[in-house]
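Q: Whatever this is, show me its structure:
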Amino acid sequence: MEQVLEEATRTAVLEFEDGGNAAALVLEFEDGGNDGALLLGEKAVVLRESFCPLMMDPHDELPPPPPLPPNVVPIKAEDAAKESPPNKPTKPTRLPIARPGLGKKGQPIQLLANHFKVSVKSSDDFFHHYYVKLKYEDDQPVEGKVIGRKVIDKLQHTYCSELSNKDFAYDGEKSLFTVGALPQVNNEFTVVLEDIGTGKLVLLLDLFPCYLYLSNTMIGVPHNSISYLVAGVLPMGVPVAIRGQESENSLEALRVLDIILRQHSAKQGCLLVRQSSFHNNPASFVDLGGGVMGCRGFHSSFRGTQSGLSLNVDVSTTMIVKPGPVIDFLLANQNVDHPDRIDWQKAKRALKNLRIKAAPGNSEFKVVGLSDRKCIEQTFPWRQRNGNNGDINTVEITVSDYFLRHKGIELRYSGNFPCIHAGRSKRPTYFPVELCTLVPLQRYTKALSTLQRSSLVEKSRQKPQERMSTLNDALKRSNYDSDPMLMACGISIAPKFTQIEGRVLQAPKLRVSNGEDMLPRNGRWNLANKKFLRTCSVTRWSVVNFSARCDVRGLVRDLKRLGAAKGIEIEEPYTVIEEIPSMRRARVSDRVDKIFAEIKSKLPGLPKFLLCLLPERKNCEVYGPWKRKCLADFGIVTQCLAPTRVNDNYLNNVLLKINAKACKFLDEKWEPKFTVIVAQKNHHTRFFQTGSPENVPPGTVVDKQVCHPKNFDFYMCAHAGMIGTSRPTHYHDLHDEIGFTADALEEFVHSLSYVYQRSTTAISIVAPISYAHLAAAQVGTFMKFEDMSDASSSQGGHTSVGSVPVPELPRLHENVRSTMFFC
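A: Below is the predicted model of the structure:
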């Protein structure tokens, strides 16, 4: 960990922020991660939210190991260790610190967690790992998980006796596991699949035992410390994982169990997205517009916890293409009301790689593209028998004529549209659009619009009791206890939520002016009739109005009045610069340049602060270029607002942002102590109150029963969840030079949720990380609306082999580098 911190310090861009009585430090790493750190007196706490190998989810899929080459003999790990050069330096093993004890502060509260206890019968069996090589008769490799699973199912059915009735755990690609070894050394099989659309498929399947080596050329897992004693054999290792004695064996064993869960869902016809599965149930669909639907499913994964192995089950949502006629999807996707208005170039991009069923045979195909010509003009070579002599004649026929003459189908409206191309490039297969329908459960992977995204969030929300009911139903419907592989592993799953004990920490006191303290209630506090503890003054400033319809003078008057009530001295603005109406349709960059030309002509010098009024609240095209011009080019602090619904509460929030302090610089000789914490938001653990339909109260902390068996971690729900089900933040203490106790660290993290400059509520994740998000998002907007087509290596961009130059992000002006510009 010291090495990690040393690298971070050497390559980081350091920016300091003021956070009340302490300063905060943001680290921007070369890998693009934004990290928050809080400096407390002479100590420092680094809160990292980017990727860390020590925190790699044990359920992430690994690349499959390669098969054993014919001229290589596997060796045992301990034998390889003995053969290593004696003078070769060994890398120190760095592990997350052990839990120093359990927290005791706070009011006890009884909770339920969406973890279901798992019973494991002791077993001396081993998982045997096989590499799956699948190809067609012509030696072409087979691609796609769907056909791979079909082949393995047919393999088990056809060669049942040869495989000793073994059940498989297959990941859909290259890895297959069995409990106990297969009876044969050479496992080469021929599998025949019958398919309505493509006819008979003959596939060749080889199963090679996987071997794991300590050499750099062949490693079956992405770590150098391998403890496998026998090549290709994996101890089940579940009891070891439960005790927190994690090794490559135990983590891999949990991955195998998760593969079994995915395979179980695949056999039920589910769409699989990592560890989440989605059934074809219309009751779980919500229409998001644009031919896209939200699909509710559930996540499931095995976890080693303090109370033993558990199955974590949670609600999960993904986006799918709306099933049904292709033409209906295209109309909705392009928001047009008639097929004649469809943009077929856009349609080609939208349909590529989607699966369709084509009438009249109802066969399933994958869309390759669209035909170059209309359906009434597009021809293809059609082979037909000539009389009774058996000769084959090939004639060119149009797609529309083929379906009319030989299928008896007269096209109603799609004759003048391109055809769906669902074949190969050398052997195209064409279908009229009106005969094609999209099959269900096809994941939509393109970016959602702002409206679609907000609709998905709104329609996916579930109150705690509703979420619990959904999870109970999902577990019953899954029927995991009937899975033969789980039965072979001796695993059974309890049907009830795990009951745990949490604690509710008392909210920290907040200090305002005149030495007065405030005690937040339910994660909130009110600053009415209160002055800020330390205030700024707003001088040498102006207002810029980009066509926003509002009473600018009245807004300035209200801002000054409310500022005075909070202790902020706001001078009269030097001027108000209104955008010329004729510029509203000009290029965004020209609009911004024109405003700055007026600033230079009307003001005696550059202002210290600019209040910018925007016409739209979200996705205003002016926002990014304006921020870049102010912060990167001229070094002017600016605050943007969209005055559609301006009232005192709105302006008080604006004043909170304006009053954000400049950062403090510390002595270069200062040598802080570091505590490194990872804050994990994207996880699937949820807590529910027993006997109450409400969310858990703000300040709820859990550090036992469902946490790591050994490492120092805890869940914190600092905020008051008003809608949906609260998601706690999972904090992992990786490295601690300060020496926090469990209570001290939990209270410290809890307090950091109350010092967010932009809010009068506790937030769900600590302020330094929230600031890092804001800073990254702010700089991201600089580039969002820029034309990147003229980027070249002359701009000083970074390149890698085979890639185009990537332009550097604009650098902040020295006048604003040490400010909380992102607030």
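Q: from here on, contacts and neighbour counts on C-alpha atoms
A: Noted.
Q: For the residue nearest in space to the middle of the chain, report the pLDDT, please.
A: Nearest to the mean C-alpha position of the chain, by CA atoms, centre = their mean, lies N682 at 7.2 Å. As predicted, N682 sits at a pLDDT of 91.
Q: SS state for it?
A: Assigned by DSSP: H, G, I helix; E, B strand; the rest coil, the conformation of N682 is coil.
Q: now swap in E466 and tell me
A: helix.
Q: so W382 touches I397, yeah?
A: Yes: under the criterion of CA atoms under 8 Å, W382 makes contact with I397 at 6.6 Å.
Q: Just the mean pLDDT for the helix or strand harbouring W626, thanks.
A: If you go by DSSP states H and E, W626 is part of helix 623-628. Mean per-residue pLDDT for helix 623-628: 91.
Q: what helices or strands is that helix leaning on?
A: On a contact count with 3 or more CA pairs under 8 Å, 6 or more residues apart in numbering; DSSP states H and E, helix 623-628 meets helix 588-602, helix 767-784.
Q: helices and strands around the longest one, which ones?
A: If I follow you right, that is helix 767-784. Against helix 767-784 (3+ CA pairs under 8 Å, 6+ apart) you get strand 22-28, strand 34-40, strand 43-48, helix 623-628.
Q: And the first one, by the same measure?
A: With contacts defined as 3+ CA pairs under 8 Å, 6+ apart, the secondary structure elements packing on helix 588-602 are strand 576-578, helix 623-628.
Q: for the protein, which helix is longest?
A: Counting by DSSP state H, the longest helix found in the chain is helix 248-267.
Q: so what strands line up beside the following helix or strand past that helix?
A: Once the chain leaves helix 248-267, the next helix or strand it forms, by DSSP H and E, is strand 271-273. Strand 271-273 has these partner strands in its sheet, going by DSSP bridges: strand 276-278 (antiparallel).
Q: Could you pull out the helices in the stretch 651-800 of the chain for me?
A: 742-752, 767-784 (DSSP state H, counting those that start in this stretch).
Q: okay, these in a markdown table with distance to R727 next?
A: Output for the helices of the stretch 651-800 of the chain, formatted as a markdown table (distance: least, CA to CA, whole Å):
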| stretch | distance to R727 |
| --- | --- |
| helix 742-752 | 15 |
| helix 767-784 | 16 |
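Q: Mind telling me which of the ones you listed the model trusts least?
A: helix 767-784 (a mean of 88).
Q: Can you give me the buried ones in that one?
A: Buried residues in helix 767-784, counted by 16 or more other CA atoms under 10 Å: 767-776, 778-779, 781-783.
Q: What separates the first and last residues of stretch 341-359, distance-wise?
A: End-to-end distance for stretch 341-359: 24 Å, by CA to CA, to the nearest Å.
Q: likewise stretch 340-357?
A: 23 Å.
Q: in that stretch, what's buried?
A: I342, A347, K348, A350, L351, K352, L354, R355, I356, K357.
Q: out of the residues you listed, who's nearest A660?
A: A350 (45.1 Å; CA to CA).
Q: just checking, that closest one is part of a strand?
A: No: secondary structure of A350 (three-state DSSP): helix, not part of a strand.
Q: Name the residues of stretch 518-525 that are buried.
A: Of the residues in stretch 518-525, those buried (16+ other CA under 10 Å) are P520, N522, G523, R524, W525.
Q: Quick check: mean pLDDT of that stretch?
A: Mean predicted lDDT for stretch 518-525 stands at 93.
Q: what does stretch 173-190 give?
A: The model assigns stretch 173-190 a mean pLDDT of 82.
Q: measure it end to end?
A: 18 Å.
Q: got it, and stretch 417-432?
A: 8 Å.
Q: In JSON lines, list the buried residues of stretch 340-357 along with pLDDT and distance to V702.
A: Output for the buried residues of stretch 340-357, formatted as JSON lines (pLDDT from 0 to 100; distance: CA to CA, whole Å):
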{"residue": "I342", "pLDDT": "94", "distance to V702": "54"}
{"residue": "A347", "pLDDT": "94", "distance to V702": "50"}
{"residue": "K348", "pLDDT": "94", "distance to V702": "50"}
{"residue": "A350", "pLDDT": "94", "distance to V702": "45"}
{"residue": "L351", "pLDDT": "94", "distance to V702": "47"}
{"residue": "K352", "pLDDT": "92", "distance to V702": "47"}
{"residue": "L354", "pLDDT": "94", "distance to V702": "44"}
{"residue": "R355", "pLDDT": "93", "distance to V702": "45"}
{"residue": "I356", "pLDDT": "94", "distance to V702": "48"}
{"residue": "K357", "pLDDT": "93", "distance to V702": "50"}
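Q: Which two among these are spaced furthest apart?
A: Between all members of those, the farthest pair (by CA to CA) comes out as I342 and K357, at 21.1 Å.
Q: any weak-confidence spans in the stretch 601-750 of the chain?
A: Residue ranges of the stretch 601-750 of the chain with pLDDT under 70: 618.
Q: Next, please give the residue ranges for the strands of it.
A: All strands of the stretch 601-750 of the chain, identified by DSSP state E, counting those that start in this stretch, fall at 609-613, 637-641, 673-680, 687-689, 700-702, 713-717, 729-736.
Q: Select, out of the ones you listed, the one closest to R99.
A: strand 713-717 (7.3 Å).
Q: Direction included, what does that closest one pair up with?
A: Sheet partners by DSSP bridges: for strand 713-717, these are strand 700-702 (antiparallel), strand 729-736 (antiparallel).
Q: could you check the angle helix 742-752 makes with it?
A: On the basis of axes from the mean of the first three to the mean of the last three CA atoms, to 10 degrees, strand 713-717 is oriented at 40 degrees to helix 742-752.
Q: which residues are contacting strand 713-717?
A: Contact with strand 713-717 is made by 99, 696-704, 707, 726-733, 750, 764, as judged by CA atoms under 8 Å, 6 or more residues apart in numbering.
Q: With stretch 385-402 instead?
A: Contacts with stretch 385-402, where a contact means CA under 8 Å, 6+ apart, come from 375-384, 410-411, 415, 430-432.
Q: coming back round to it: nearest to I152 among the buried residues of helix 767-784?
A: H773 (44.9 Å).
Q: any idea how far L182 is from that closest one?
A: Taking CA to CA, one finds H773 at 51 Å from L182.
Q: Could you tell me the model confidence score at the closest residue in space to L505 that isn't next to it in sequence?
A: Counting by CA to CA, 6 or more residues apart in numbering, L505 lies nearest to G106, which is 4.4 Å off, once chain neighbours are set aside. We note a pLDDT of 95 for G106 in this prediction.
Q: And R385, how far from V313?
A: For R385, the distance to V313 equals 59 Å [CA to CA].
Q: Who has more neighbours out of those two?
A: V313 (25 against 11; other CA atoms under 10 Å).
Q: what residues are up against the residue lying closest to that one once chain neighbours are set aside?
A: Distance criterion CA to CA, 6+ apart; nearest residue to V313, sequence neighbours excluded, is S300 at 4.5 Å. Taking CA under 8 Å, 6+ apart, we find S300 in contact with D258, L261, Q275, S276, L311, N312, V313, D314.
Q: which stretches of the chain have low pLDDT?
A: 1-93, 123, 144-145, 185-186, 195-201, 210-249, 387-390, 618, 784-807.
Q: ok, the spatially closest residue to N526 that is not a sequence neighbour to Q506 distance?
A: The shortest distance from N526 to any non-neighbouring residue, by CA to CA, 6+ apart, is to T760 (6.9 Å). T760 is 17 Å from Q506, where distance means CA to CA.
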